[in-house]
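Chemist: coords please:
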Amino acid sequence: MYKRIAVAYNSSAEAGQALSAAISLAKAFGSELRLLTHIDELPGYTAYAAAADPALQQTLAADRQAEFEELQTKVRQAALRDGIVIQTELLEGDDVGAIVHLLYQHKIDLLVIALHRHSLYLSRLWNSVYDLADDAPCSVLGVR
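Modeler: Have a look, this model is predicted:
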């Protein structure tokens, strides 16, 4: 049914549940699985630190990139132990736009996303979930 599945992933517990669901579905359908991790922009206050040390923003960005690459490597290794090969993508820029672009580019059939329960950013989160569901060219499964 679903030949290509993508899962939006970060270090949250909810994203771990979405990943587990995506792995189970990929096993059941014999699907390709792609892990999408969005790298948020550095917080605005880092610009003040960059005034003192212009190289600081580059260092912080490189550290953040390395952190997400390590996160994806751990997921790939864990999935391999379950017999699943995961392709990974690090996305930058507008989170919804970057994910939707990748969905089109790789002809994804199903996007699995985490639904977070209690969050201070609930309105922003639901806006992103709604935008993804509205703009995605595929089915979207929200996992709690």
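Chemist: centroid-wise, who is the farthest residue in this structure?
Modeler: Computed with CA atoms, centre = their mean, the maximum C-alpha offset from the centroid of the chain is found at residue 52, amounting to 32.6 Å.
Chemist: so which bits of the helix ranked longest in the chain are buried?
Modeler: The helix that spans the most residues within the chain, counting by DSSP state H, is helix 56-81. Under the neighbour-count criterion of 16 or more other CB atoms under 10 Å, helix 56-81 has 56, 68, 71, 72, 75, 79 buried. The way it works is simple: take the backbone N, C-alpha and C, and place the C-beta from them, glycine included.
Chemist: show me what contacts the last one?
Modeler: This means residue 79. Residue 79 sits next to 23, 33, 85, 86 when contact means CB atoms under 8 Å, 6 or more residues apart in numbering.
Chemist: and the first one, how far from residue 113?
Modeler: Translated: residue 23. 15 Å (CB to CB, to the nearest Å).
Chemist: of those two, give the one with the bigger neighbour count.
Modeler: With neighbours defined as other CB atoms under 10 Å, residue 23 and residue 113 compare such that residue 113 has more, 24 against 21.
Chemist: need the contact list for that one.
Modeler: Counting by CB under 8 Å, 6+ apart, residue 113 makes contact with 7, 8, 18, 129, 132, 140, 141, 142, 143.
Chemist: now do residue 75
Modeler: Here residue 75 is in contact with 9, 19, 35, 86, 88 (CB under 8 Å, 6+ apart).
Chemist: return the subset of these lying in strands.
Modeler: Of the contacts of residue 75, the ones assigned to strands by DSSP state E are 35, 86, 88.
Chemist: correct me if wrong: the last one contacts residue 72.
Modeler: Yes. Under the criterion of CB atoms under 8 Å, residue 88 is in contact with residue 72, at a separation of 4.2 Å.
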